[in-house]
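Engineer: For reference, the sequence and a predicted model appear below.
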Amino acid sequence: MQSADVEVFRKCLEWREEGHEVMLATVVATWGSSPRPVGSLLAVRDDGLPAGSVSGGCIEADLIERVRLAPVTRPEIVGYGGSPEESRRFGLPCGGKLQLVLEHAPGKPLLHALLNMLNQRKLVGRRLELATGLASLYAPAADEITRCDGHTLHVVHGPHWRLLLIGAGQVSQYLARMAQALDYQVLVCDPREEYRLAWDVPEAELLPAMPDDAVRALNPDGRSAVIALAHDPRLDDLALLEALKSPAFYVGALGSQSNNAQRRDRLRLFDLDTEAVNRLHGPVGLPIGSRTPAEIAVAILAELTALRHGIILRTASPAAREPTFARQPAIAT
């Protein structure tokens, strides 16, 4: 499962190799309620076939009609929304506005180079000069965001977040696949050979190191998450002891309420203060009644997504956290 950017650029390349003209639209600014964030992409083939989305369907039909009427040959900035009439016409949320840069999609050499870097899960910047249509790739800063000053468009593609999973079991396999679609660079650490041999998510980097070494090598920052899923305290605790000292935005562990209470007691025996131990999300995930590995992965990613967007989650009651299953997803505190 790949990110939306990769799918859009794959379609661009496929269509260009078939001899089609392609328009690429990038969201560069939004105001009020907007269905898609800045950086969202839409490609439209010259016969109107779309790939991606810039508004969840509100303005795509107008963009497709633009392409059918006349191909985009030079970059231009267009806006939607801003008046009640336009909001009604395009079905935009009340008060919502967005600004796009439309361009003739990059040529095949640039698309090949871009996809090659994205397939390696590398962060890559794309610079477009609006006056000339000249596009190039560059190495962006880790915290760089998509922006347009009216003359130059800078778009950052690739995984903006990092996720280190401890344990290469079945939950990790589902989580690794799903997380890549949410722009995570996924790394999986498991020193147990039998689990590494069974791992079948090639897009996620598999690390044979000990968990504490893997966390230190990751050097987690505010865009990193570390989740212990090994079901072996000898491995999970090693990772948590390091991760809870870091500025990672999320550190969590699988397990029941009672297991996580015991885990916190163990962590307090080491050089972690109460504040650090209280950062532990355990049990991980939102309480959506998940039972299967895939459902647990959904619950975990839902919680990560909420935290990334600054959503404050209320605390679930202990009863709500303890179903019949051995682990219970929880609402973060």
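Structural biologist: Structure received.
Engineer: Secondary structure element holding residue 234?
Structural biologist: Using DSSP states H and E, residue 234 sits within helix 233-243.
Engineer: How far does that helix sit from its chain's centre?
Structural biologist: 24 Å (Cα atoms, centre = their mean, to the nearest Å).
Engineer: now stretch 216-226
Structural biologist: The answer for stretch 216-226 is 15 Å, by Cα atoms, centre = their mean.
Engineer: Touching the helix holding residue 234 from outside, list them.
Structural biologist: With contacts defined as Cβ atoms under 8 Å, 6 or more residues apart in numbering, helix 233-243 is touched by 164, 166-167, 189-192, 210-212, 214-216, 220, 226, 228-230, 251, 253, 263, 266-267, 270-272, 280. Placement of C-beta: from N, CA and C, glycine included.
Engineer: cool, stretch 42-61 as well?
Structural biologist: 4, 7-9, 11-12, 15, 20-27, 34-36, 40-41, 63-65, 67-68, 71, 80, 90-92, 98, 100, 105.
Engineer: Mind giving me the ChimeraX command for buried ones among those?
Structural biologist: Buried members of those, defined by 16 or more other Cβ atoms under 10 Å, are picked up in ChimeraX with:
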select :4,7,8,9,11,12,15,21,22,23,24,25,26,27,34,35,36,40,41,63,64,67,80,90,92,98,100,105
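Engineer: Counting by contacts, list what the top strand by length along the chain packs against.
Structural biologist: As assigned by DSSP state E, the longest strand anywhere in the chain is strand 22-31. With contacts taken as 3 or more Cβ pairs under 8 Å, 6 or more residues apart in numbering; DSSP states H and E, strand 22-31 sits against helix 4-17, strand 41-45, helix 60-69, strand 97-104, strand 147-148, strand 152-157.
Engineer: one step back: now, of the contacts of helix 233-243, which are buried?
Structural biologist: 164, 166-167, 189-191, 211-212, 214-216, 220, 226, 228-230, 251, 253, 263, 267, 272, 280.
Engineer: one step back: only C-alpha atoms, please: export the longest strand of the chain in PDB.
Structural biologist: What follows is strand 22-31, C-alpha atoms only, in PDB (Å, rounded to 0.1, in the frame of the first residue of the first chain):
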ATOM      1  CA  VAL A  22      -1.500  15.400 -18.300                       C
ATOM      2  CA  MET A  23      -2.400  18.300 -16.000                       C
ATOM      3  CA  LEU A  24      -1.100  18.200 -12.400                       C
ATOM      4  CA  ALA A  25      -3.000  20.200  -9.700                       C
ATOM      5  CA  THR A  26      -1.500  20.900  -6.300                       C
ATOM      6  CA  VAL A  27      -3.300  22.500  -3.300                       C
ATOM      7  CA  VAL A  28      -1.100  25.300  -2.100                       C
ATOM      8  CA  ALA A  29      -3.400  27.200   0.300                       C
ATOM      9  CA  THR A  30      -6.700  26.600   2.100                       C
ATOM     10  CA  TRP A  31      -9.000  28.800   4.200                       C
END
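Engineer: let's have the chain start at 681 instead
Structural biologist: OK, 681 is where the count begins now, so the last one is strand 702-711.
Engineer: How far off centre is it?
Structural biologist: 19 Å.
Engineer: Now do it and strand 832-837, the angle between them.
Structural biologist: Interaxial angle, strand 702-711 versus strand 832-837 (axes from the mean of the first three to the mean of the last three Cα atoms, to 10 degrees): 90 degrees.
Engineer: What strands line up against strand 702-711, and which way round?
Structural biologist: According to DSSP bridges, strand 702-711 has the following sheet partners: strand 721-725 (antiparallel), strand 777-784 (antiparallel).
Engineer: What's the first helix or strand after the shortest one?
Structural biologist: This points to strand 721-725. Counting by DSSP H and E, the next helix or strand C-terminal to strand 721-725 is strand 730-732.
Engineer: Show me the strands paired with that following strand, marking each as parallel or antiparallel.
Structural biologist: Per DSSP bridges, strand 730-732 is paired in its sheet with strand 721-725 (antiparallel).
Engineer: who touches residue 872 in this structure?
Structural biologist: Contacts of residue 872 by Cβ under 8 Å, 6+ apart are 848, 915.
Engineer: Please apply the same query to the one 4 residues further on.
Structural biologist: Residues counted as contacts of residue 876 (Cβ under 8 Å, 6+ apart) are 848, 870, 886, 888.
Engineer: and if we set it to 6 Å?
Structural biologist: By Cβ atoms under 6 Å, 6 or more residues apart in numbering, residue 876 lies in contact with 848, 870, 886.
Engineer: And residue 905, by the same measure?
Structural biologist: 843, 928, 930, 984.
Engineer: Am I right that it is in a helix?
Structural biologist: No: the assignment for residue 905 is strand, going by DSSP: H, G, I helix; E, B strand; the rest coil, so no helix is present there.
Engineer: Contacts only, for the nearest residue to it once chain neighbours are set aside.
Structural biologist: Once flanking residues are discounted, residue 905 sits nearest to residue 930: 3.9 Å by Cβ to Cβ, 6 or more residues apart in numbering. Residue 930 is in contact with 905, 984, 987, counting by Cβ under 6 Å, 6+ apart.
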